[in-house]
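K.L.:
Pasting a predicted model and its sequence here:
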Amino acid sequence: MSIYLDEKNPSKHKPFLDASADVVEYVRYLEVIAGKSANTAFNYYCDLRNFSRFMKQRRGLVPEDQPLSEIDPKGLDTAFWGSVTREDIYEYLYFLNQNCGNKKSSTARRLASLHGFYDYLVNQVSRLEQDPTSAVRPPKLDKVLPKYLTAEQSLDLLESTRFQSDFPERDYCMVVLFLNCGMRLAELVGMNLEDIDFAQRQVRLFGKGHKERMIYLNDACVEALQRYLEKRGSLEGLSPKERAVFVTRRRKERISNRRVEQLVTGAMKAAGLKGFSTHKLRHTAATLMYQTGNVDILTLKQLLGHSSVGTTQIYTHLQEFQVRAAIEANPLGEVSAKRDALSSGNETEGDVLYTSEQGSHEGSGDTAFSEGSSPANGVLTGAEEADEPNPGQPMEALRGAAKEGFGLDLEALDPSEPELQDAKPE
């Protein structure tokens, strides 16, 4: 974790001073004027320090064999930033890709930091006249579909939270909120008691850029929260002034992002789930909600707290299983000509079309449609829809999920069970 940021107080940090004066002032501008979060400002700060080290090495201001991480990023004045050329920027991007192994998304993020920094120097404080990054475009990003858990895997994960710590009510509640509300890790950790409104069945979240939004709580969320808060209230030594919803059992303070990740990772491992991160639970919530067909893209955008609908559109790939089902249900897909008729050249026999179900059909060339289908629009009948294999997620498990949500029998969450006896306290 950074020496600057405090996970338990994400809005507080030590002064960012380990960089040139222009960089430090820019980071302060991001937080105070632009309203960026401490985490966003810190990421930009790290990017600019890394660029400072690269440029010192490129200009021969440090020994050539000195490791990049050991180069002091301070000591570069405004005139130096003004001497940076477009070629320097391209070389830096090449360095990130070839030497650092950065993905396209990481390279684009670091270029965005440089764009913002030079925009600040040129347009905000008028210290420079030229912006060397103005004509540099980010790499074209690959369109990667979000990885998510199936409904069955989600239930397995919830079940496994019973065995990962001496506080199963808390761990279960956190996973329930992730899977049902699609909240970010920082949003869950930052929740305070006053943010929960059981009367209105909603919770207030503070997302990126200090954006506030209200999230509806379904039955599973309400039940899990009420059970956990009852246990939380009985913790010995917990200060009544502690407003954090989720706390550690040993220190009686707000749980950290890292600890939540450890708990979720442990639960996933116990459930036999590999290759999933905590953030994938957010993708899972969005995916399962979208697959029910009851959530449009704009509603999903608001629910997830996206600033642009373009970000939310990544979930539109989830319609693919419906498209495939519609194509496979098309009655023309079952029509085939009799092989021996085609091979023999018999025009009379060749005009006859057969479906895979019939095996043969006597007619004058009219296509045979299965009963109940519509050649005009290809709409699935009730029978076809029920029999259609789903290449996406098991949709039957999602029936009613919008109201009840994903949850288990909470009476099974008994910390006195043998599996919990050997659990180590935090």
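P.N.:
Okay, I see it. Numbering: from 1, shown residues only.

K.L.:
For the protein, spot the helix or strand the model is least confident about on average.
P.N.:
helix 382-387 (a mean of 36; mean pLDDT, DSSP states H and E).

K.L.:
What is the neighbour count of Arg49?
P.N.:
Arg49 has 19 neighbours, counted by other C-beta atoms under 10 Å. All C-beta atoms are positioned from the backbone trio N, CA, C, and that covers glycine.

K.L.:
Surely it is in a helix?
P.N.:
Yes: applying DSSP: H, G, I helix; E, B strand; the rest coil, one finds Arg49 inside a helix.

K.L.:
residues touching it, list them.
P.N.:
Arg49 is in contact with 18-19, 23, 73, counting by C-beta atoms under 8 Å, 6 or more residues apart in numbering.

K.L.:
Relative to Val23, how far out is it?
P.N.:
With the distance defined as C-beta to C-beta, to the nearest Å, Arg49 ends up 7 Å from Val23.

K.L.:
so what's in contact with those two at the same time?
P.N.:
Pro73.

K.L.:
how does this structure divide up, domain by domain?
P.N.:
Here the domain assignment for the chain is 21-124, 151-317+404-420, 323-397, based on automatic domain parsing.

K.L.:
and those domains, which one's lowest on average pLDDT?
P.N.:
Here the lowest mean pLDDT among those goes to domain 323-397, at a mean of 46.

K.L.:
Which residues belonging to stretch 18-27 are considered buried?
P.N.:
Buried residues in stretch 18-27, counted by 16 or more other C-beta atoms under 10 Å: 19-20, 22-27.

K.L.:
ok so, going back, now, among the contacts of Arg49, which is nearest to Arg250?
P.N.:
Nearest to Arg250 among these is Asp18, at 32.8 Å by C-beta to C-beta.

K.L.:
tell me the secondary structure for that closest one?
P.N.:
Here Asp18 is coil, with the state taken from three-state DSSP.

K.L.:
Also Arg204?
P.N.:
strand.

K.L.:
isn't it right next to Tyr216, touching?
P.N.:
No: counting by C-beta atoms under 8 Å, Arg204 stays clear of Tyr216, with 11.5 Å between them.

K.L.:
Do a quick rundown of the helices in the stretch 1-150 of the chain.
P.N.:
Taking DSSP state H, counting those that start in this stretch as the test, the helices found in the stretch 1-150 of the chain are 21-32, 38-58, 78-83, 86-98, 104-119.

K.L.:
will you turn the contacts of Arg49 into TSV that also has distance to Phe117?
P.N.:
Formatted as TSV, the contacts of Arg49 follow (distance: C-beta to C-beta, whole Å):
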residue	distance to Phe117
Asp18	16
Ala19	11
Val23	7
Pro73	13
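
K.L.:
tell me the two of those residues that are most distant?
P.N.:
Looking at those by C-beta to C-beta, the two members farthest from one another are Asp18 and Val23, with 9.4 Å of separation.

K.L.:
joint contacts of these two?
P.N.:
Shared contacts of Asp18 and Val23, defined by C-beta under 8 Å, 6+ apart, are found at 49, 73.

K.L.:
Would you mind pointing out the helix or strand the nearest residue to Leu281 once chain neighbours are set aside falls in?
P.N.:
Nearest residue to Leu281 in three dimensions, chain neighbours excluded: Phe178, at 3.8 Å (C-beta to C-beta, 6 or more residues apart in numbering). Phe178 belongs to helix 168-181 when assigned by DSSP states H and E.

K.L.:
Same check on Gly272?
P.N.:
If you go by DSSP H and E, Gly272 is not part of any helix or strand.

K.L.:
returning to what we had before: which one of the helices of the stretch 1-150 of the chain lies closest to Glu194?
P.N.:
Taking C-beta to C-beta, helix 38-58 is the member of these nearest to Glu194, at 21.7 Å.

K.L.:
Quick check: buried residues in that closest one?
P.N.:
Neighbour counts over helix 38-58 (16+ other C-beta under 10 Å) mark 38-57 as buried.

K.L.:
try stretch 82-98
P.N.:
The neighbour-count check on stretch 82-98 (16+ other C-beta under 10 Å) flags 84, 88-89, 92-93, 95-96 as buried.

K.L.:
and the residues you listed as TSV, adding distance to Gly275?
P.N.:
Output for the buried residues of stretch 82-98, formatted as TSV (distance: C-beta to C-beta, whole Å):
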residue	distance to Gly275
Val84	40
Asp88	38
Ile89	35
Tyr92	32
Leu93	29
Phe95	30
Leu96	25
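
K.L.:
from those residues, which is closest to Met183?
P.N.:
When the buried residues of stretch 82-98 are compared for distance to Met183 (C-beta to C-beta), Leu96 wins out at 31.3 Å.

K.L.:
Identify the residues contacting that closest one.
P.N.:
When contacts are counted by C-beta under 8 Å, 6+ apart, Leu96 touches 102, 106-107, 110.
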